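A.B. asks: okay, predicted coordinates and the sequence, questions at the end:
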Amino acid sequence: KAGVTQTPRYLIKTRGQQVTLSCSPISGHRSVSWYQQTPGQGLQFLFEYFSETQRNKGNFPGRFSGRQFSNSRSEMNVSTLELGDSALYLCASSLFGQGTNSPLHFGNGTRLTVT
Amino acid sequence: QKEVEQNSGPLSVPEGAIASLNCTYSDRGSQSFFWYRQYSGKSPELIMFIYSNGDKEDGRFTAQLNKASQYVSLLIRDSQPSDSATYLCAVKRSAGGTSYGKLTFGQGTILTVHP
């Protein structure tokens, strides 16, 4: 079974631009969560989507948004990029929502660099 | 106080020894506990999960949970150089509350197993 697939693997953007990251979950998984990983802050929860609905959201500004499609694929968008948004963005899928004990399975991430 | 705290490390053990990784959490409502391994430049990989007090063994890995002390640990027996990685403790709350379902990670402990 294929794992979680994230595209693109690397992105370089300029301050003020916007970016869209894509995630395809493991087949059959209905929940997709997004995390930001930086050396200083570690893994920080962004949001979770289940059945096309945002179920939970972390403490990030409104510039960070996401959505989930009917096939469970998810996209994350960051608008008006700032230097501090440079990070590894990880998508994780689980069979059921994060409100259950279903473990998360992570994709390889998208490395975003903002210059 | 951080929600999930891990011994900062780095932790260095000789090959064949037992590596002990510790994690404490602040939310008494936490119900599910996970250990992830992350190799440099890679995404987190699930090693074990534990839901009940006591020990859970899987091969060379043993997870230990003590909810009264809000403490979870991971023991790696017969440590190998290939175990060298960052180990992330993650905690999930039960239903209810603003942190419903969100998987919260510790900062991670870097483990080095030297030959």
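C.D. replies: Looks like it arrived, so ask away.
A.B. asks: does the helix or strand of chain B with the lowest mean pLDDT come close to chain A?
C.D. replies: Within chain B, no helix or strand scores below strand B:103-105, which has a mean of 90 by mean pLDDT, DSSP states H and E. Yes: using C-beta under 8 Å from any C-beta of the partner chain, strand B:103-105 reaches chain A at B:103-105. To be clear about C-beta, it is placed using only N, CA and C from the backbone, and glycine gets the same treatment.
A.B. asks: enumerate every residue touching residue 88.
C.D. replies: All of this refers to chain A. Applying C-beta atoms under 8 Å, 6 or more residues apart in numbering or on different chains, we find A:Leu88 in contact with A:36-38, A:109-112.
A.B. asks: not what I meant, chain B
C.D. replies: By C-beta under 8 Å, 6+ apart, the contact list for B:Leu88 reads A:42-43, B:6, B:35-38, B:44, B:105-106, B:108.
A.B. asks: circling back: turn the contacts of A:Leu88 into a markdown table, including pLDDT, secondary structure and neighbour count.
C.D. replies: Conversion of the contacts of A:Leu88 to a markdown table gives the following (pLDDT from 0 to 100; DSSP: H, G, I helix; E, B strand; the rest coil; neighbours: other C-beta atoms under 10 Å in any protein chain shown):
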| residue | pLDDT | secondary structure | neighbour count |
| --- | --- | --- | --- |
| A:Gln36 | 97 | strand | 22 |
| A:Gln37 | 96 | strand | 21 |
| A:Thr38 | 94 | strand | 13 |
| A:Gly109 | 96 | coil | 23 |
| A:Thr110 | 97 | strand | 21 |
| A:Arg111 | 96 | strand | 16 |
| A:Leu112 | 98 | strand | 20 |
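A.B. asks: of those residues, closest to chain B?
C.D. replies: Comparing the contacts of A:Leu88 against chain B with C-beta to the nearest C-beta picks out A:Gly109 as the nearest, at 5.2 Å.
A.B. asks: immediately after the least confident helix or strand of chain B, which helix or strand?
C.D. replies: Using DSSP states H and E, the helix or strand that follows strand B:103-105 in sequence is strand B:109-114.
A.B. asks: pLDDT averaged over that next one - what is it?
C.D. replies: Averaged across strand B:109-114, pLDDT comes to 96.
A.B. asks: which of the residues of strand B:103-105 next to chain A lies closest to chain A?
C.D. replies: When the residues of strand B:103-105 next to chain A are ranked by distance to chain A (C-beta to the nearest C-beta), B:Phe105 comes first, at 4.0 Å.
A.B. asks: off-centre distance for stretch A:44-57?
C.D. replies: Averaged C-alpha coordinates place stretch A:44-57 at 9 Å from its chain's average position (C-alpha atoms, centre = their mean, to the nearest Å).
A.B. asks: also stretch B:54-70?
C.D. replies: Mean-position distance between stretch B:54-70 and its chain equals 10 Å (C-alpha atoms, centre = their mean).
A.B. asks: thanks a lot, see you next time.
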